[in-house]
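A.B. asks: all I have is the shape, not the residue letters:
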């Protein structure tokens with residue numbers, strides 16, 4: 001493979017302005033993450049200390065192998081919901097190393113509303129379980145939850161992907177032979193009781209851990225029976241009488257040590273073999289990514305410059321470099337893993353759509369995982385392009401991405417608008433992981449375009465009635481639309497709603513993708529099966 005020849009002028013005023021802007025955004029990201037992880041009211045910390053409980057991050061520190069990385073997912077989930085009072089959606093999830101084995105960790109954060117499950121808490125748990133299923137990752141559950149947040153029960157209980165999906169996913173993992181261990185560190189109430197019950201192994205802490213379908217107040221209200229927590233669902237009852245729990249522990253340290261020992265007994269999976277070479281860092285400095293991404297999302301840039309600061313040795317074998325030039329396709333290595341890259345360099349035309357569909361088939365043919373780097377305004381519109389069949393050619397690309405069996409990974413590097421999001425493996429097309437960068441935006445169209453469309457519709461409606469709008473009235477229509485679109489298309493809103501698996505600092509993307517790739521290779525790669533390509 002040939003090294004990409006960078007044409008970046010790192011001394012230019014534009015580069016330096018971009019550099020300062022994006023470093024500020026990265027610093028803001030890290031501060032938001034720090035606050036979501038650690039800022040809690042003193043009373044909540046004191047309450048947990050009185051109960052002899054560790055904080056969730058302290059539990060993770062004891063669980064994970066020392067000195068190993070932890071790929072935390074959706075750190076900023078719910079950051080724009082529930083008045084900002086449920087940081088991280090009261091759940092910590094991510095991929096880490098426990099006793100030498102890659103595992104998915106799902107941990108309740110009892111310092112947030114007692115660990116109660118909000119709708120976005122459940123969405124975060126379900127997403128983590130989906131990742132475990134897709135990638136055949138064993139799961140460690142650190143259970144400490146007050147149960148479902150009852151005032152919002154209508155949005156967390158009844159539907160297909162609500163709370164019941166957690167237990168369905170646990171059952172599917174068991175069906176696939178993927179082991180799970182639950183550590184009961186607090187109360188597992190109501191539906192939450194099924195998390196340890198559906199795990200292959202579980203450990204319960206004496207005195208603080210409890211498992212029951214209904215706690216003492218509910219039992220008294222329903223039956224009139226008066227019973228203590230320990231009598232109803234404590235460690236001794238469940239490990240000696242009911243058999244619901246397997247191992248009692250005197251404290252949290254012992255419980256987590258037992259869980260680590262359990263994981264140490266699990267079979268080490270044979271990873272799916274793909275081409276791999278000795279890894280090497282990029283030739284160009286990844287810090288230069290800050291200077292590449294423009295301050296204005298409408299300004300175009302060369303995605304090859306991004307690739308050059310992400311892949312091994314900055315080497316890239318570009319496929320069809322002279323055809324469909326608004327989509328860059330080619331092969332590279334990332335931390336030694338061979339990958340196929342599809343990266344937007346402009347709007348998707350007929351030729352770039354066909355090129356992308358064909359390249360995806362090549363990646364499936366030679367079992368090469370695919371990385372999609374999104375900066376896309378959509379597919380080209382207009383009479384000429386419709387006559388050429390842009391809708392048909394875009395459908396080919398969507399068919400190819402849907403029928404692919406190799407692992408897919410998506411990074412939204414800038415804009416992600418319209419059907420271009422679909423062809424480039426957006427969330428609906430099941431990439432194993434999808435990440436965003438801080439300045440990125442995602443919506444059906446850009447804020448300005450949406451405001452123009454809605455304003456034009458209103459002007460036409462009034463024109464039919466013989467009325468006209470003043471410039472001030474037009475502005476009054478446009479500005480709220482622009483404000484709403486900018487807020488709801490931001491990376492912060494996307495990650496709050498769990499439309500992605502987390503916002504990444506651009507310079508951390510290479511490492512996050514390497515861990516994602518490694519995790520994905522725990523699952524087998526099947527043969528692609530495509531539907532009908534409209535020719």
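C.D. replies: Arrived safely. It should be emphasised that the depicted structure is a prediction, and the values quoted were computed from it without experimental measurement.
A.B. asks: how far does stretch 327-335 sit from the chain's center?
C.D. replies: Offset of stretch 327-335 from its chain centre (CA atoms, centre = their mean, to the nearest Å): 22 Å.
A.B. asks: hmm, I was thinking of stretch 250-259
C.D. replies: Between the centre of stretch 250-259 and the centre of its chain there are 29 Å (CA atoms, centre = their mean).
A.B. asks: lowest-confidence helix or strand of the protein?
C.D. replies: Ranking every helix and strand in the chain by mean pLDDT, DSSP states H and E puts helix 447-464 at the bottom, with a mean of 82.
A.B. asks: C-terminal to it, what's the next element?
C.D. replies: Counting by DSSP states H and E, the next helix or strand C-terminal to helix 447-464 is helix 471-488.
A.B. asks: elements contacting the helix or strand following that following helix?
C.D. replies: Sequence order places helix 491-496 as the next helix or strand after helix 471-488, per DSSP H and E. In terms of contacts (3 or more CB pairs under 8 Å, 6 or more residues apart in numbering; DSSP states H and E), helix 491-496 is packed against strand 433-436, strand 441-443. Any C-beta I mention is one placed from the backbone N, CA and C, and that applies to glycine too.
A.B. asks: mean pLDDT lowest for which of those strands?
C.D. replies: Here the helices and strands packed on helix 491-496 differ in mean pLDDT, and the lowest is strand 441-443 at a mean of 95.
A.B. asks: tell me what it is packed against?
C.D. replies: Taking 3+ CB pairs under 8 Å, 6+ apart as contact, the helices and strands that strand 441-443 lies on are strand 408-417, helix 471-488, helix 491-496.
A.B. asks: do that again at 10 Å, thanks
C.D. replies: Here strand 441-443 touches strand 408-417, helix 447-464, helix 471-488, helix 491-496, going by 3 or more CB pairs under 10 Å, 6 or more residues apart in numbering; DSSP states H and E.
A.B. asks: for residue 53, find the nearest of these.
C.D. replies: The closest of the helices and strands packed on strand 441-443 to residue 53 is helix 491-496. By CB to CB, the value is 27.4 Å.
A.B. asks: what's the average pLDDT for that closest one?
C.D. replies: pLDDT averaged over helix 491-496 gives 98.
A.B. asks: before we move on, what about stretch 58-72?
C.D. replies: For stretch 58-72, mean pLDDT is 98.
A.B. asks: wait, is residue 525 part of a strand?
C.D. replies: No. With DSSP: H, G, I helix; E, B strand; the rest coil as the criterion, residue 525 is coil rather than part of a strand.
A.B. asks: circling back: the helices and strands packed on helix 491-496 into JSON lines, with extra columns for mean neighbour count?
C.D. replies: Putting the helices and strands packed on helix 491-496 into JSON lines (neighbours: other CB atoms under 10 Å) gives the following:
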{"stretch": "strand 433-436", "mean neighbour count": "25"}
{"stretch": "strand 441-443", "mean neighbour count": "21"}
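A.B. asks: and the least confident helix or strand of the chain with strand 408-417, angle?
C.D. replies: Per axes from the mean of the first three to the mean of the last three CA atoms, to 10 degrees, the angle that helix 447-464 makes with strand 408-417 is 40 degrees.
A.B. asks: what residues sit buried inside helix 447-464?
C.D. replies: Across helix 447-464, burial judged by 16 or more other CB atoms under 10 Å covers 447, 449-451, 455.
A.B. asks: near the nearest residue to residue 407 once chain neighbours are set aside, how many other residues are there?
C.D. replies: Nearest non-adjacent residue to residue 407, counting by CB to CB, 6 or more residues apart in numbering: residue 520, 3.9 Å away. Residue 520: 26 surrounding residues under other CB atoms under 10 Å.
A.B. asks: related to what we said a few turns ago, what's the closest of the buried residues of helix 447-464 to residue 399?
C.D. replies: The closest of the buried residues of helix 447-464 to residue 399 turns out to be residue 449 (CB to CB; 26.7 Å).
A.B. asks: so the closest one touches residue 478, yeah?
C.D. replies: No. Counting by CB atoms under 10 Å, residue 449 does not reach residue 478; the two are 11.4 Å apart.
A.B. asks: spit out the residues that contact those two alike.
C.D. replies: Residues touching both residue 449 and residue 478 by CB atoms under 10 Å, 6 or more residues apart in numbering: none at all.
A.B. asks: circling back: make a markdown table from the helices and strands packed on helix 491-496 and add distance to residue 202 to it.
C.D. replies: As requested, the helices and strands packed on helix 491-496 are exported to a markdown table (distance: least, CB to CB, whole Å):
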| stretch | distance to residue 202 |
| --- | --- |
| strand 433-436 | 28 |
| strand 441-443 | 39 |
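A.B. asks: nearest to residue 182, out of these?
C.D. replies: Closest among the helices and strands packed on helix 491-496, once you apply CB to CB, is strand 433-436, at 24.3 Å.
A.B. asks: quick one: distance of the closest one to the chain centre.
C.D. replies: Relative to its chain's centre, strand 433-436 lies at 5 Å (CA atoms, centre = their mean).
A.B. asks: can you check stretch 374-393 too?
C.D. replies: The chain centroid and the centroid of stretch 374-393 are separated by 29 Å under CA atoms, centre = their mean.
A.B. asks: in the longest helix along the chain, which residues are buried?
C.D. replies: The single longest helix within the chain, with elements called by DSSP state H, is helix 13-38. Applying a neighbour-count criterion of 16+ other CB under 10 Å, one finds 15, 18-19, 21-23, 25-26, 29, 32-33, 36-37 buried in helix 13-38.
A.B. asks: thinking again about what came up before, relative to helix 471-488, how tilted is the least confident helix or strand of the chain?
C.D. replies: Put simply, helix 447-464 runs at 140 degrees to helix 471-488, going by the same axes, to 10 degrees.
A.B. asks: neighbouring contacts of helix 447-464?
C.D. replies: Applying CB under 10 Å, 6+ apart, the contact partners of helix 447-464 are 297-298, 377-378, 417-418, 441, 443-446, 467-469, 473-489.
A.B. asks: which of those are buried?
C.D. replies: Those of the contacts of helix 447-464 that meet the buried threshold are 297, 377-378, 417-418, 441, 443, 445-446, 474, 477-478, 481-482, 485, 488-489, by 16+ other CB under 10 Å.
A.B. asks: tell me how many other residues crowd residue 158.
C.D. replies: Residues near residue 158, counting by other CB under 10 Å, number 10.
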